[in-house]
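Enquirer: Only the shape, not the letters, is given here:
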């Protein structure tokens with residue numbers, strides 16, 4: 001049972017109105033999100049802060065998972081590993097492309113590639129695992 005982009009966007013607006021992440025696309029085992037960058041997202045040195053990159057990665061994984069299994073609100077992050085590869089642009093949106101690698105009964109593993117909009121150079125690579133709550137049959 002999957003969820004559409006529209007269903008996920010409505011769910012996110014209701015349950016996570018504080019997020020600055022924008023759902024651009026939801027596919028089978030995938031999602032693409034964007035995040036505008038402004039002064040609030042920068043750290044000293046004029047680079048995008050790590051928490052912003054981790055946040056969009058976590059949300060991209062969550063959106064891809066909801067697209068695959070449907071709206072299961074209590075699906076939660078159990079692991080998130082990020083490798084920072086290069087300085088993101090402070091003047092371009094961050095783009096997150098997520099692909100689910102393994103969808104099991106209780107765990108889902110995915111990866112996220114992060115880019116500065118307009119560049120094909122990776123700024124970070126993320127691998128995350130989510131736990132799916134048991135079904136009440």
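Expert: Arrived safely, thanks for sending. This structure is a prediction, so every number in the text was calculated from the model and none was measured.

Enquirer: use CA for all of it now, contacts and neighbours both
Expert: OK.

Enquirer: pretty sure residue 111 contacts residue 83?
Expert: No. The pair residue 111 and residue 83 does not pass the contact test of Cα atoms under 8 Å, sitting 11.3 Å apart.

Enquirer: anything in contact with each of those two?
Expert: The contact sets of residue 111 and residue 83 overlap at 125-126 (Cα atoms under 8 Å, 6 or more residues apart in numbering).

Enquirer: so how far is stretch 12-21 off the chain centroid?
Expert: Remark: stretch 12-21 is offset 13 Å from the chain centroid, using Cα atoms, centre = their mean, to the nearest Å.

Enquirer: re earlier: quick one: which of residue 111 and residue 83 has more around it?
Expert: residue 111 (25 against 10; other Cα atoms under 10 Å).

Enquirer: Now the nearest residue to the more buried one once chain neighbours are set aside. Its backbone dihedrals?
Expert: Nearest residue to residue 111, sequence neighbours excluded (Cα to Cα, 6 or more residues apart in numbering): residue 127, at 4.4 Å. Backbone torsions for residue 127, taken as degrees, to the nearest 10, come to phi -130, psi 130.

Enquirer: give the contact list for residue 78.
Expert: 128-131.

Enquirer: what sits against residue 76?
Expert: 130-132 are the contacts of residue 76 under Cα under 8 Å, 6+ apart.
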